[in-house]
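>>> structure for this input, please:
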Amino acid sequence: MRSVVVSLLASMLLPAIAVAQTTSEPPDAPAEQAAPPEEASEPATPTESAPESAEPEAPRVAPKVAVIVVGDPDPVLVASAVEIEARLALSGDLRLPSDTALRAALRGDAGAPEDGLDEVRRERRRLGLGESSDAPVLGRLGRRAGAVLVLALREGAEGPEAVALDVRTGQFFEGTLPLAEIDPERVVSFVTRRARVAARGAVAAPAEPETTELPAPEVPTAATQATEPEDEPDWFEQNWPYFAAGGLLAAAIVFVVVVAADGGDPPPMLRFQPGVPMD
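Here you go, the predicted structure:
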(Lines give C-alpha, C1' and ligand atoms only; values in the text may rest on other atoms or scores of the structure.)
Protein backbone atom coordinates (compact mmCIF):
# COMPACT_ATOMS: atom_id res chain seq x y z
CA MET A 1 0.00 0.00 0.00
CA ARG A 2 2.90 2.36 0.72
CA SER A 3 4.29 1.87 -2.75
CA VAL A 4 0.89 2.71 -4.19
CA VAL A 5 0.68 5.94 -2.14
CA VAL A 6 4.22 6.98 -3.10
CA SER A 7 3.60 6.36 -6.78
CA LEU A 8 0.35 8.35 -6.57
CA LEU A 9 2.08 11.30 -4.95
CA ALA A 10 4.91 11.20 -7.47
CA SER A 11 2.42 11.29 -10.33
CA MET A 12 0.85 14.38 -8.72
CA LEU A 13 4.15 16.21 -8.09
CA LEU A 14 5.89 15.63 -11.39
CA PRO A 15 3.49 17.81 -13.51
CA ALA A 16 3.74 20.69 -11.03
CA ILE A 17 7.55 20.56 -11.03
CA ALA A 18 7.58 20.49 -14.82
CA VAL A 19 5.28 23.50 -14.97
CA ALA A 20 7.54 25.36 -12.50
CA GLN A 21 10.61 24.71 -14.59
CA THR A 22 8.98 25.83 -17.81
CA THR A 23 7.59 28.96 -16.14
CA SER A 24 10.85 30.00 -14.53
CA GLU A 25 12.89 29.72 -17.69
CA PRO A 26 12.65 32.96 -19.69
CA PRO A 27 11.82 32.66 -23.35
CA ASP A 28 14.66 32.92 -25.74
CA ALA A 29 15.23 36.51 -26.69
CA PRO A 30 14.93 37.18 -30.39
CA ALA A 31 18.23 37.55 -32.10
CA GLU A 32 19.20 41.12 -32.58
CA GLN A 33 19.00 42.19 -36.14
CA ALA A 34 22.25 43.39 -37.49
CA ALA A 35 22.15 47.08 -38.09
CA PRO A 36 22.54 47.97 -41.75
CA PRO A 37 25.92 49.41 -42.54
CA GLU A 38 25.94 53.16 -42.41
CA GLU A 39 26.15 54.72 -45.78
CA ALA A 40 28.93 57.11 -46.34
CA SER A 41 27.65 60.59 -45.76
CA GLU A 42 27.67 62.68 -48.87
CA PRO A 43 29.63 65.90 -48.69
CA ALA A 44 27.42 68.81 -47.81
CA THR A 45 26.45 71.06 -50.66
CA PRO A 46 28.40 74.26 -50.39
CA THR A 47 26.18 77.12 -49.36
CA GLU A 48 26.71 80.75 -48.89
CA SER A 49 29.29 81.28 -46.20
CA ALA A 50 28.12 83.10 -43.08
CA PRO A 51 29.85 86.31 -42.19
CA GLU A 52 32.89 85.77 -40.03
CA SER A 53 32.03 88.50 -37.55
CA ALA A 54 28.90 88.16 -35.42
CA GLU A 55 28.42 91.91 -35.38
CA PRO A 56 25.88 93.26 -37.89
CA GLU A 57 27.22 95.18 -40.82
CA ALA A 58 26.97 98.93 -40.78
CA PRO A 59 23.91 100.22 -42.63
CA ARG A 60 24.52 101.51 -46.13
CA VAL A 61 22.27 104.53 -45.58
CA ALA A 62 23.70 107.24 -43.37
CA PRO A 63 21.99 107.30 -39.96
CA LYS A 64 19.57 110.13 -39.30
CA VAL A 65 20.00 112.44 -36.30
CA ALA A 66 17.46 114.82 -34.78
CA VAL A 67 18.68 117.87 -32.83
CA ILE A 68 16.26 118.89 -30.06
CA VAL A 69 16.44 121.79 -27.61
CA VAL A 70 15.38 120.75 -24.10
CA GLY A 71 13.42 123.13 -21.88
CA ASP A 72 13.36 126.84 -22.53
CA PRO A 73 14.48 127.59 -26.10
CA ASP A 74 17.27 129.87 -25.02
CA PRO A 75 18.84 131.79 -27.93
CA VAL A 76 22.24 130.35 -27.08
CA LEU A 77 20.90 126.79 -27.28
CA VAL A 78 18.95 127.52 -30.47
CA ALA A 79 22.05 129.04 -32.11
CA SER A 80 24.11 126.04 -31.03
CA ALA A 81 21.51 123.70 -32.50
CA VAL A 82 21.57 125.52 -35.84
CA GLU A 83 25.37 125.42 -35.97
CA ILE A 84 25.52 121.73 -35.04
CA GLU A 85 22.98 120.86 -37.74
CA ALA A 86 25.10 122.70 -40.30
CA ARG A 87 28.25 120.86 -39.20
CA LEU A 88 26.52 117.46 -39.35
CA ALA A 89 25.07 118.16 -42.78
CA LEU A 90 28.53 119.07 -44.15
CA SER A 91 30.13 115.91 -42.75
CA GLY A 92 28.31 113.66 -45.24
CA ASP A 93 28.20 110.74 -42.77
CA LEU A 94 24.90 111.70 -41.16
CA ARG A 95 21.45 112.82 -42.22
CA LEU A 96 19.04 115.34 -40.74
CA PRO A 97 15.24 115.48 -41.02
CA SER A 98 14.46 116.86 -44.47
CA ASP A 99 11.50 118.91 -43.23
CA THR A 100 12.86 122.32 -42.24
CA ALA A 101 9.66 123.14 -40.33
CA LEU A 102 10.08 119.97 -38.26
CA ARG A 103 13.69 120.83 -37.46
CA ALA A 104 12.61 124.32 -36.39
CA ALA A 105 9.84 122.90 -34.18
CA LEU A 106 12.34 120.57 -32.49
CA ARG A 107 14.55 123.59 -31.77
CA GLY A 108 11.64 125.41 -30.12
CA ASP A 109 10.50 127.66 -32.96
CA ALA A 110 6.85 128.72 -32.67
CA GLY A 111 6.29 128.39 -36.41
CA ALA A 112 2.98 128.63 -38.19
CA PRO A 113 -0.10 127.06 -36.63
CA GLU A 114 -1.15 125.50 -39.95
CA ASP A 115 2.03 123.42 -40.41
CA GLY A 116 0.55 120.49 -38.45
CA LEU A 117 3.39 120.36 -35.91
CA ASP A 118 1.49 121.53 -32.84
CA GLU A 119 1.76 118.07 -31.25
CA VAL A 120 5.52 118.10 -31.78
CA ARG A 121 5.78 121.47 -30.06
CA ARG A 122 3.63 120.29 -27.13
CA GLU A 123 5.85 117.22 -26.70
CA ARG A 124 9.00 119.36 -26.79
CA ARG A 125 7.63 121.67 -24.06
CA ARG A 126 7.39 118.67 -21.71
CA LEU A 127 11.16 118.31 -21.70
CA GLY A 128 13.42 119.58 -18.94
CA LEU A 129 12.16 117.66 -15.90
CA GLY A 130 15.08 115.24 -15.76
CA GLU A 131 16.60 112.46 -17.84
CA SER A 132 14.21 109.79 -16.57
CA SER A 133 11.16 111.78 -17.67
CA ASP A 134 12.80 113.29 -20.77
CA ALA A 135 13.94 109.95 -22.26
CA PRO A 136 10.48 108.70 -23.40
CA VAL A 137 9.55 112.14 -24.79
CA LEU A 138 12.83 112.39 -26.72
CA GLY A 139 12.25 108.87 -28.03
CA ARG A 140 8.82 109.78 -29.36
CA LEU A 141 10.13 112.92 -31.01
CA GLY A 142 13.03 111.01 -32.52
CA ARG A 143 10.68 108.42 -34.00
CA ARG A 144 8.47 111.22 -35.32
CA ALA A 145 11.53 112.58 -37.16
CA GLY A 146 12.60 109.10 -38.34
CA ALA A 147 15.93 109.38 -36.52
CA VAL A 148 17.99 106.69 -34.80
CA LEU A 149 19.75 109.19 -32.53
CA VAL A 150 18.56 112.31 -30.73
CA LEU A 151 21.07 115.01 -29.79
CA ALA A 152 19.47 116.87 -26.88
CA LEU A 153 20.80 120.35 -26.08
CA ARG A 154 20.19 121.52 -22.52
CA GLU A 155 21.50 123.73 -19.74
CA GLY A 156 23.91 121.71 -17.61
CA ALA A 157 25.60 122.37 -14.28
CA GLU A 158 28.63 123.82 -16.08
CA GLY A 159 26.84 125.55 -18.94
CA PRO A 160 25.16 124.42 -22.16
CA GLU A 161 25.81 120.83 -23.08
CA ALA A 162 24.55 118.11 -25.41
CA VAL A 163 23.73 114.49 -24.67
CA ALA A 164 22.83 111.68 -27.08
CA LEU A 165 19.90 109.28 -26.75
CA ASP A 166 19.40 105.99 -28.58
CA VAL A 167 15.85 106.15 -29.96
CA ARG A 168 15.43 102.36 -30.11
CA THR A 169 16.42 101.63 -26.52
CA GLY A 170 15.34 104.96 -25.02
CA GLN A 171 18.62 105.29 -23.09
CA PHE A 172 21.27 107.99 -23.01
CA PHE A 173 24.83 107.35 -24.13
CA GLU A 174 27.62 108.09 -21.70
CA GLY A 175 29.43 111.38 -22.02
CA THR A 176 28.39 114.97 -22.64
CA LEU A 177 29.46 117.49 -25.25
CA PRO A 178 30.18 121.01 -23.87
CA LEU A 179 28.72 123.76 -26.02
CA ALA A 180 30.54 126.77 -24.57
CA GLU A 181 32.99 126.60 -27.46
CA ILE A 182 31.87 124.37 -30.33
CA ASP A 183 34.70 122.42 -31.92
CA PRO A 184 33.43 121.20 -35.31
CA GLU A 185 35.62 118.09 -35.40
CA ARG A 186 34.71 117.11 -31.87
CA VAL A 187 31.01 117.64 -32.51
CA VAL A 188 31.02 115.51 -35.65
CA SER A 189 33.05 112.76 -33.99
CA PHE A 190 30.84 112.79 -30.86
CA VAL A 191 27.61 112.47 -32.83
CA THR A 192 28.83 110.14 -35.61
CA ARG A 193 30.17 107.44 -33.30
CA ARG A 194 26.96 107.28 -31.28
CA ALA A 195 24.74 107.43 -34.36
CA ARG A 196 26.55 104.45 -35.89
CA VAL A 197 26.13 102.42 -32.72
CA ALA A 198 22.42 103.27 -32.58
CA ALA A 199 22.02 102.39 -36.28
CA ARG A 200 23.71 99.00 -35.81
CA GLY A 201 21.38 98.22 -32.93
CA ALA A 202 18.34 99.20 -34.98
CA VAL A 203 19.44 96.91 -37.84
CA ALA A 204 20.20 93.96 -35.53
CA ALA A 205 16.91 94.24 -33.62
CA PRO A 206 14.13 92.08 -35.14
CA ALA A 207 11.13 93.91 -36.53
CA GLU A 208 8.73 91.67 -34.61
CA PRO A 209 9.36 89.64 -31.47
CA GLU A 210 10.02 86.03 -32.32
CA THR A 211 7.71 83.52 -30.68
CA THR A 212 9.01 80.04 -30.02
CA GLU A 213 6.35 77.39 -30.40
CA LEU A 214 6.57 74.33 -28.24
CA PRO A 215 6.71 71.08 -30.21
CA ALA A 216 3.54 69.00 -30.23
CA PRO A 217 3.59 65.99 -27.90
CA GLU A 218 4.77 62.89 -29.70
CA VAL A 219 1.98 60.32 -30.02
CA PRO A 220 3.28 56.73 -30.02
CA THR A 221 2.37 54.91 -33.23
CA ALA A 222 1.57 51.24 -33.64
CA ALA A 223 5.19 50.49 -34.53
CA THR A 224 6.57 52.17 -31.42
CA GLN A 225 3.92 50.52 -29.24
CA ALA A 226 4.90 47.10 -30.59
CA THR A 227 8.54 47.63 -29.73
CA GLU A 228 7.84 48.71 -26.16
CA PRO A 229 8.42 45.85 -23.68
CA GLU A 230 5.39 44.49 -21.86
CA ASP A 231 5.08 44.71 -18.11
CA GLU A 232 7.03 41.92 -16.45
CA PRO A 233 5.03 39.59 -14.15
CA ASP A 234 5.55 39.99 -10.46
CA TRP A 235 7.45 37.56 -8.25
CA PHE A 236 4.42 35.52 -7.17
CA GLU A 237 3.27 34.97 -10.73
CA GLN A 238 6.68 33.61 -11.65
CA ASN A 239 7.06 31.28 -8.64
CA TRP A 240 3.54 30.04 -7.91
CA PRO A 241 4.28 26.52 -9.30
CA TYR A 242 6.96 26.10 -6.65
CA PHE A 243 4.42 26.92 -3.94
CA ALA A 244 2.01 24.35 -5.38
CA ALA A 245 4.69 21.69 -5.63
CA GLY A 246 5.88 22.43 -2.11
CA GLY A 247 2.33 22.20 -0.73
CA LEU A 248 1.73 18.85 -2.41
CA LEU A 249 5.08 17.54 -1.24
CA ALA A 250 4.37 18.57 2.33
CA ALA A 251 0.97 16.88 2.20
CA ALA A 252 2.53 13.71 0.80
CA ILE A 253 5.14 13.62 3.55
CA VAL A 254 2.51 14.09 6.22
CA PHE A 255 0.40 11.35 4.68
CA VAL A 256 3.33 8.94 4.51
CA VAL A 257 4.31 9.67 8.11
CA VAL A 258 0.76 9.06 9.29
CA VAL A 259 0.48 5.79 7.40
CA ALA A 260 3.89 4.61 8.66
CA ALA A 261 3.02 5.39 12.26
CA ASP A 262 -0.18 3.40 12.00
CA GLY A 263 1.46 0.02 11.13
CA GLY A 264 0.74 -2.01 14.44
CA ASP A 265 -1.93 -4.63 15.15
CA PRO A 266 -5.48 -3.47 14.99
CA PRO A 267 -7.18 -2.86 18.36
CA PRO A 268 -9.18 -5.78 19.78
CA MET A 269 -12.81 -5.89 18.86
CA LEU A 270 -15.73 -7.55 20.65
CA ARG A 271 -17.57 -10.17 18.66
CA PHE A 272 -20.95 -11.32 19.72
CA GLN A 273 -22.10 -14.77 18.67
CA PRO A 274 -25.60 -15.78 19.44
CA GLY A 275 -25.92 -18.79 21.72
CA VAL A 276 -22.36 -18.61 23.06
CA PRO A 277 -22.06 -17.54 26.67
CA MET A 278 -19.55 -14.77 27.46
CA ASP A 279 -16.59 -15.50 29.74
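
>>> could you point out where the protein is predicted with low confidence?
The chain contains residues with pLDDT under 70 at 1-59, 202-238, 240, 258-279.

>>> just the helices in it please.
Remark: helices assigned in the chain by DSSP state H are 2-24, 75-91, 100-107, 118-125, 131-145, 184-204, 222-227, 235-261.

>>> got a list of contacts for the fifth one?
I take that to be helix 131-145. 64, 66, 68, 70, 97, 102, 106, 120, 123-124, 126-128, 148-150, 152, 163, 165, 167, 170-172 (C-beta atoms under 8 Å, 6 or more residues apart in numbering). Placement of C-beta: from N, CA and C, glycine included.

>>> any buried residues in it, and which?
Within helix 131-145, the residues that count as buried by 16 or more other C-beta atoms under 10 Å are Asp134, Ala135, Val137, Leu138, Gly139, Arg140, Leu141, Gly142, Arg144, Ala145.

>>> looking at the residues you listed, which is nearest Val197?
Proximity to Val197 was ranked across those by C-beta to C-beta; first place goes to Gly142, at 14.6 Å.

>>> what's the spacing between the closest one and Val256?
To Val256, Gly142 is 108 Å away according to C-beta to C-beta, to the nearest Å.

>>> hang on, the earlier thing: just the buried residues of the contacts of helix 131-145.
Buried among those by 16+ other C-beta under 10 Å: 64, 66, 68, 70, 97, 102, 106, 120, 123-124, 126-127, 148-150, 152, 163, 165, 167, 172.

>>> just the closest of the buried residues of helix 131-145 to Ala180, please.
Closest approach between these and Ala180, by C-beta to C-beta: Asp134, at 21.6 Å.

>>> how much space between that closest one and Gly201?
20 Å.

>>> can you count the residues close to the nearest residue to Glu155 once chain neighbours are set aside?
The spatially closest residue to Glu155, leaving aside those adjacent along the chain, is Gly71, at 6.7 Å (C-beta to C-beta, 6 or more residues apart in numbering). Gly71 is flanked by 18 other residues according to other C-beta atoms under 10 Å.

>>> what sits against Gly71?
With C-beta under 8 Å, 6+ apart, Gly71 has these contacts: Leu127, Gly128, Arg154, Glu155.

>>> re the thing from before, got the buried residues of helix 131-145 as CSV, with distance to Asn239 columns?
Formatted as CSV, the buried residues of helix 131-145 follow (distance: C-beta to C-beta, whole Å):
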residue, distance to Asn239
Asp134, 84
Ala135, 78
Val137, 83
Leu138, 83
Gly139, 78
Arg140, 81
Leu141, 85
Gly142, 82
Arg144, 85
Ala145, 87
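
>>> from the residues you listed, pick the one nearest Val191.
Looking across the buried residues of helix 131-145 and measuring by C-beta to C-beta, the closest to Val191 is Gly142, at 13.4 Å.

>>> gap between the closest one and Val167?
4 Å.

>>> give me the common contacts of these two.
With C-beta under 8 Å, 6+ apart as the test, Gly142 and Val167 both reach Val148, Leu149, Val150.

>>> for Pro113, state which of the residues you listed is nearest.
Val150 (24.9 Å).

>>> is the closest one in contact with Ala66, as I believe?
Yes - in this structure, Val150 is within contact of Ala66 by C-beta atoms under 8 Å, at 5.2 Å.

>>> look up the closest residue to Leu127, ignoring the ones flanking it.
Closest residue in space to Leu127, ignoring its immediate chain neighbours: Val70 at 4.4 Å, by C-beta to C-beta, 6+ apart.

>>> ok, now which ones touch the one you found?
If you count contacts by C-beta under 8 Å, 6+ apart, then Val70 has Leu127, Gly128, Asp134, Ala152, Leu153, Arg154 around it.

>>> any idea how far the residue nearest to the last one when sequence neighbours are not counted lies from Val167?
Think Arg154. Leaving aside its chain neighbours, Arg154 sits nearest to Val70 (3.9 Å; criterion: C-beta to C-beta, 6+ apart). Note on Val70: its distance to Val167, by C-beta to C-beta, is 15 Å.

>>> then Phe243?
Computed as C-beta to C-beta, the Phe243 to Val167 distance reads 84 Å.

>>> what number of residues lie near Glu161?
Neighbour tally, Glu161, other C-beta under 10 Å: 18.
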